[in-house]
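**Student:** build me a model from this:
(one chain, ligands or ions: 2)
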Amino acid sequence: MRTNIESLDWNIGRTIQSKDREGRKTIDDVFDENTLKNIQQMFSRGIISTLENIIATGKEANVFRAKTFDGRNRAVKIYRQNTATFRKLEKYIEGDPRFKSSGNSHRERVFTWAQKEYKNLHSMHASGTNVPKPFHVHKNIVVMQYMGWRYRPYPTIRELIPEDPKNFLNDLLISINSYRKNKLSHGDLSEYNILNVREKPYIIDVGQAVPEGHPLYKELHTRDMKNMYRYWRKQIPNLEKEIFE
Ligand SMILES: Nc1ncnc2c1ncn2[C@@H]1O[C@H](COP(=O)(O)OP(=O)(O)OP(=O)(O)O)[C@@H](O)[C@H]1O
Ligand SMILES: [Mg+2]
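**Tutor:** Ligands and ions are numbered 1, 2, ... in the order given. Okay, here's the model as predicted:
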């Protein structure tokens, strides 16, 4: 085990590799022992070769830029196994016909959640929605297309308001209609979860999305559309509310 973690430290790359006390602390904060093992398994299976820089630290997950063995960038979302806030996510899994059980232990429930984000990305991508293309899911880790330039992810539309909001919104509505045709509700659609990728919308953070038949299917979409109207009315004068239905 020790040697695995040592080699992982080495693999983790420039930002969080340092062996000094501060560096060690960052590594311990972000990765529990089991997560280190899961990352090591991805390295040895050849899915990714290094973790480069950390992009985001959230309550439930941390996102990294990673490299494949042939030098391509990937975004790697690692769900925390030690988080107390996971409970509130249960309601998005229960009632989802794609998952018979959310898992028997806390750890299994986190794995189910990662599976769910992967499946949602996969269906949305297949239906033509602009989402990062999913590549792999392993235990609590989802590997997907990296939406960024060099070491920086593209900004959210909260951070960078589109130059031509009408056009941007039009593209976004096409993406939303695509996953709606495929009978999914995103469930957390807001200006925080839409990236401005060189003036094209990309929807992210799809873990909580639910299919038709789930008890929250309608309610979540209604809330999403409310959020969208609230954001877009500030960017587009005289925007009609009806387009968000
Ligand atoms: N595929 C990706 N490519 C580039 N950056 C990404 C990608 N996915 C996520 N990010 C970055 O990581 C941040 C957090 O991602 P995401 O919203 O999926 O995670 P989260 O932990 O659920 O976040 P939050 O709890 O803040 O909603 C995004 O705002 C974005 O900056
Ligand atoms: Mg988010």
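
**Student:** how close does the residue of the chain found nearest ligand 1 sit to residue 80?
**Tutor:** Using Cβ to the nearest ligand atom, the closest approach of the chain to ligand 1 is made by residue 58 at 2.8 Å. For the C-beta atoms, the positions are set from N, CA and C on the backbone; glycine is no exception. Plainly put, residue 58 is 9 Å away from residue 80 if you go by Cβ to Cβ, to the nearest Å.

**Student:** between these two, point out the one with more neighbours.
**Tutor:** Counted by other Cβ atoms under 10 Å, residue 58 and residue 80 do not tie: residue 80 has more neighbours, with 21 against 13.

**Student:** and the gap between the more buried one and residue 97?
**Tutor:** Relative to residue 97, and taking Cβ to Cβ, residue 80 is found at 27 Å.

**Student:** just residue 141 next, same as before
**Tutor:** In terms of Cβ to Cβ, residue 141 sits 25 Å off from residue 97.

**Student:** cool, residue 123 as well?
**Tutor:** 13 Å.

**Student:** ok so, going back, residue 141 and residue 97: who's more crowded?
**Tutor:** residue 141 (24 against 10).

**Student:** which per-residue confidence value corresponds to residue 9?
**Tutor:** In the prediction, the pLDDT value recorded for residue 9 is 54.

**Student:** now the one 5 residues further on
**Tutor:** According to the model's per-residue confidence, residue 14 sits at a pLDDT of 42.

**Student:** kindly report the same for residue 182.
**Tutor:** 97.

**Student:** how about residue 22?
**Tutor:** Residue 22 is assigned a pLDDT of 59 by the prediction.

**Student:** same deal with the one 10 residues further on?
**Tutor:** Residue 32 carries a pLDDT value of 84.

**Student:** surely it and residue 81 touch.
**Tutor:** Yes: Residue 32 is in contact with residue 81 according to Cβ atoms under 8 Å; the separation is 5.4 Å.

**Student:** who has more neighbours, those two?
**Tutor:** The neighbour comparison of residue 32 against residue 81 (other Cβ under 10 Å) goes to residue 81, with 19 against 14.

**Student:** mind listing what the more buried one touches?
**Tutor:** If you count contacts by Cβ atoms under 8 Å, 6 or more residues apart in numbering, residue 81 has them with 32, 34, 35, 106, 107, 110, 140.

**Student:** in three-state terms, label whichever residue of the chain sits closest to ligand 2 for me.
**Tutor:** Per Cβ to the ion, residue 205 is where the chain lies closest to ligand 2, at 3.7 Å. Here residue 205 is recorded as coil under DSSP: H, G, I helix; E, B strand; the rest coil.

**Student:** what's the burial count for it?
**Tutor:** 24.

**Student:** would you confirm that it contacts residue 193?
**Tutor:** Yes: Residue 205 is within contact range of residue 193, at 4.3 Å (criterion: Cβ under 8 Å).

**Student:** find residues that contact each of those two.
**Tutor:** Common neighbours of residue 205 and residue 193 (Cβ under 8 Å, 6+ apart) do not exist.

**Student:** now stretch 95-110: how far from the chain's centre is it?
**Tutor:** Put simply, stretch 95-110 sits 18 Å off its chain's centre (Cα atoms, centre = their mean, to the nearest Å).

**Student:** then it to CSV, C-alphas only?
**Tutor:** Provided in CSV are the C-alpha atoms of stretch 95-110 (Å, rounded to 0.1, in the frame of the first residue of the first chain):
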residue,chain,number,x,y,z
GLY,A,95,-37.2,5.7,-7.9
ASP,A,96,-34.8,5.7,-10.8
PRO,A,97,-35.7,2.5,-12.6
ARG,A,98,-32.1,2.3,-13.9
PHE,A,99,-30.8,1.6,-10.4
LYS,A,100,-32.5,-1.1,-8.4
SER,A,101,-30.8,-0.2,-5.2
SER,A,102,-28.6,2.7,-4.3
GLY,A,103,-26.2,0.4,-2.5
ASN,A,104,-25.9,-1.2,0.9
SER,A,105,-23.0,0.9,2.3
HIS,A,106,-22.1,4.5,2.1
ARG,A,107,-19.2,3.6,-0.2
GLU,A,108,-21.5,1.7,-2.5
ARG,A,109,-23.9,4.6,-2.7
VAL,A,110,-21.1,6.9,-3.7
